[in-house]
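1. predicted model, plus sequence, below.
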Amino acid sequence: AYGKTGVQRTNLKSIESLLTEQVASEVVTSPPKLALLILTRGNVRSPDIWKEWVAPESDRISIFSHPKEPDKLKGGFLEGTDIAETFDTQWGEVSLVKASLALLRAALRDPELTHFALLSESCVPIQPLSRILLRLQHDGRPRFNSSDQERANPEFQSRMQQAPEIPNGCWRFHQQWWLLDRSAAVMATRRDYTSKF
């Protein structure tokens, strides 16, 4: 067994990790259905690209948006996709997390959706949707990049001090943009800790 860097895995912990990866990457029996959760000011910036991207697999995509200015959705790609639960969002504030969780809760109401991708209005797809869905069919695990408190930058260290009731070993920091499978999405919405920040 070799890791992605070509180094041989020799210790028991590495082998257990590899077995866990293999079990987690088993082929999904039903075709994945993807929810696009879009945090936006108004419409997406490249609506023609999005229309072309969604068209071939439109039955396997659902779109949900949390617009800062809902009137700007009229006549655009995102018209009719806005969710009922909204927050006054500000850049770099916990309001964006609240809006993201609201998008996730709205999408979870559809039991057929298997995956949930958080995007912004400036995002554009660079892979064909069919390729993404095929990849999710064969490896449906969530995708996000996280780091623990030991590798956190000084800004994150400061934020940790503002919530002393969260134990040190429980902190994880990651990019705002992610793709979750249904079980991770359910777990993320089970409890709302945003009032702590």
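-> Received, thanks. Numbering: from 1, shown residues only.
2. now for this structure, the helix or strand with the poorest mean pLDDT.
-> helix 12-24 (a mean of 51; mean pLDDT, DSSP states H and E).
3. stretch 165-174: which residues count as buried?
-> Buried residues in stretch 165-174, defined by neighbour count with 16 or more other C-beta atoms under 10 Å: Trp171, Phe173. Using the backbone N, CA and C atoms, a C-beta is placed for each residue, glycine as well.
4. measure Pro161 to Ser30 for me?
-> One thing to correct before we go on: residue 161 is Gln, not Pro. 45 Å (C-beta to C-beta, to the nearest Å).
5. with Arg182 instead?
-> Distance from Arg182 to Ser30, by C-beta to C-beta: 11 Å.
6. pull out the buried positions in stretch 49-68.
-> 50, 53-54, 57, 60-68.
7. Ser146: which of those is nearest?
-> The shortest gap between Ser146 and any of the buried residues of stretch 49-68 belongs to His66, at 22.6 Å (C-beta to C-beta).
8. that closest one contacts Val97, correct?
-> No: in this structure His66 lies outside contact range of Val97 using C-beta atoms under 8 Å: 11.5 Å.
9. show me where the protein has helices.
-> Applying DSSP state H to the chain gives helices spanning 12-24, 47-54, 95-108, 129-138, 154-161, 182-190.
10. worst mean pLDDT among those?
-> Of all those, mean pLDDT reaches its minimum on helix 12-24 (a mean of 51).
11. all good on my end, thank you.
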